[in-house]
Each structure stands twice: as structure tokens, then as C-alpha cells.
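[1] What would the 3D arrangement of this be:
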Amino acid sequence: MSKTYTFFKYQGTGNDFIITSDIYELTTDQIIRLCDRKFGIGADGIIVMKSDSTLDFDMMYYNADGTESFCGNGSRCAVMHAKHLSWIDKECKFNSNDGVHYAIIEEEEVKLQMHTVDMVLVEDGGYILNTGSPHYIAYTEELQELDLITAAHAIRYNDVFKETGINVNFLEPKNGILHIRTYERGVEDETLSCGTGVTAAAIAHYLEQESTHKKYSQKIKTKGGFLTVTFEKKNKSFENIFLCGPAVQVFEGKVRL
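    Numbers count the residues shown, from 1 in each chain. Next up, the predicted model:
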């Protein structure tokens, strides 16, 4: 027997999500159908939240193909939704796919603390690192004219990455702002923004510049808007990393499953 559930649609610099605290279990087929932009609600992924937690709340993120992953922009949207539900006020700790995170709400922006990054590989001119989800970072010229899908597929589906998958990001610095385009595994397409990708890009750019700053801040322009990443460099680790940017509720609706 089908049942009607409440959901909310959020976006963080164009990275869009279905969020619900009304459903606790979804099948892969249901996730794929709900995320479909023609036959469902349409989203890059689904977030299932619950307040019955040892922390302020729990959340699980599912890509549009039903696979699980940590999502930086999704987590920021979940924090803003927790405030909407009166579960939190201006700060919180919550469980996500990759463990516990801390976040602060400042007006319309959410500052999300990411996990420490202590391993960055450099191979064939690209940076490989995990910021909650694995990313490949490379530089290019004429970023907006790049055939991103073709370029990303050559990396995403090569012999090294095709089994587990990797997100592929291309960067172009201009006037102190880092411009980025991202191909996300699980969505298997370009997205307007990717929080873990932006975080990985800031770290890669720090290394590319051979920066010696102990505290670092980088403004990054995605196709969907601006995000800022800050962190501290301690020995070989990147610590106290924060992903900062807007998280906006778009609409509320009901769906029958």
C-alpha cells in the first residue's frame, strides 16, 4: 500500500537535494525515481534525516543513482533544514555518512567543518585526495569552453578509477578567484556545485601555489555560485577545514511511494 510523505527541496549553490525526515528507508529504485528530473522530483541526491540521535541529528546522503556518499553541500543544506525544524539554533553536531561533523549557521550561510586531510597524491599532473568523497583535481585553460563530460570520462572510467569511481574537477584561477567545474560520480554528470570538490580544489590550489601560509582562505566560483574554503596547515595535514556558503529552501511538497 502506498503512503504519502512530506519532503523539502533545498539547494546549495545549485547543488540540489530532496530532504525528508518522514522516511527512514528508501530502495535504490525509489531514490533513482525521486531524483529523476523528468519522472520524479528531480535532484542531485536525497538526504534522510532523523532527530533520534546521540547528537543533534543524524543524516544519510544518497546519490541520484542510490549509492551512499558524504556530501558537503548536502550536509550544509541538512543543517539549515534542522534549523527550520527547530532541532537546532545556530550551531550543531551531527552524524553523516563519514562520521561526526560540526556546523555553524551565520544568517543565510552554513559553515561546515570537514574532516582533516592528511594525504594528497600527485599523479600525471593531477591531485588525488579524499575530502569525504574521492576527488581528482586538474588545471585547465578556457574552463567554460571545456568539453567536461568527455574530459571527465577519460579519468572517471579509466582502469584506475572505473571500479570505485572518482569525482573529477577542473580548475582555472582568475584574479584571485578559483573557478571550478565538477563531474560527480553517482550523478554521472556535471553538477552546478560540489562541496567536497570545492574543498579538495582549495587544498590542491594551496599546494599548486606552494603556499606557506599557516591559515588559508580561498574563494571559489562554481557554476551555481560562490563558496569559500578555509583551513589551517599543520605539518603535512590540513586541519580545521570549513566549507562556507548559502543553503536555501526552495519548496515543500508531498510524494506518494
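
[2] Ramachandran angles for G14?
    Phi and psi for G14, reported as degrees, to the nearest 10, are phi 90, psi -10.

[3] Give the burial count for it, as a bare number.
    14 (other Cβ atoms under 10 Å). The C-beta positions use only the backbone N, C-alpha and C, and glycine is treated the same way.

[4] Next up, the contacts around it.
    By Cβ atoms under 8 Å, 6 or more residues apart in numbering, the contact set of G14 is T191, L192, S193, T222, K223, G224, G225.

[5] Which ones among the residues you listed map onto strands?
    T191, T222, G225 (DSSP state E).

[6] Isn't the last one up against S193?
    Yes - in this structure, G225 is within contact of S193 by Cβ atoms under 8 Å, at 6.8 Å.

[7] Could I have the CA atoms of stretch 157-175 written out in PDB?
    Taking C-alpha atoms only, stretch 157-175 is exported to PDB below (Å, rounded to 0.1, in the frame of the first residue of the first chain):
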ATOM      1  CA  TYR A 157      36.200   5.400 -16.300                       C
ATOM      2  CA  ASN A 158      39.900   4.700 -16.800                       C
ATOM      3  CA  ASP A 159      41.400   1.400 -15.400                       C
ATOM      4  CA  VAL A 160      42.400   3.000 -12.100                       C
ATOM      5  CA  PHE A 161      39.100   4.600 -11.100                       C
ATOM      6  CA  LYS A 162      36.300   2.800 -13.000                       C
ATOM      7  CA  GLU A 163      35.500   0.300 -10.300                       C
ATOM      8  CA  THR A 164      35.100   2.600  -7.300                       C
ATOM      9  CA  GLY A 165      34.600   5.800  -9.200                       C
ATOM     10  CA  ILE A 166      36.100   9.300  -8.600                       C
ATOM     11  CA  ASN A 167      34.800  12.800  -8.900                       C
ATOM     12  CA  VAL A 168      36.600  14.900 -11.500                       C
ATOM     13  CA  ASN A 169      37.200  18.600 -11.100                       C
ATOM     14  CA  PHE A 170      38.900  21.100 -13.500                       C
ATOM     15  CA  LEU A 171      40.200  24.400 -12.200                       C
ATOM     16  CA  GLU A 172      41.100  27.800 -13.600                       C
ATOM     17  CA  PRO A 173      42.400  30.600 -11.400                       C
ATOM     18  CA  LYS A 174      41.400  34.200 -12.400                       C
ATOM     19  CA  ASN A 175      42.100  37.400 -10.400                       C
END
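
[8] Isn't D98 up against N130?
    No - with contact defined as Cβ under 8 Å, D98 and N130 do not form a contacting pair (9.2 Å).

[9] Can you report how many residues lie near H213?
    11.

[10] Roughly how far does it sit from T6?
    From H213 across to T6, the span is 46 Å (Cβ to Cβ, to the nearest Å).

[11] what does L34 give?
    13 Å.

[12] Comparing those two, which shows the higher neighbour count?
    L34 (24 against 12).

[13] Out of the ones in strands among the contacts of G14, flag the one nearest to Y206.
    Here the nearest of the ones in strands among the contacts of G14 to Y206, counting by Cβ to Cβ, is T222; it sits at 18.1 Å.

[14] dump the residue contacts of that closest one.
    T13, G14, I180, R181, T182, L192, S193, C194, V198.

[15] care to break the chain down by domain?
    Domain segmentation of the chain under automatic domain parsing yields 4-113+247-256, 120-244.

[16] Let's have those in CSV, adding mean pLDDT.
    Converted to CSV, the domains of the chain look like this (pLDDT from 0 to 100):
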stretch, mean pLDDT
domain 4-113+247-256, 96
domain 120-244, 97
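
[17] Fine, thanks again, bye for now.
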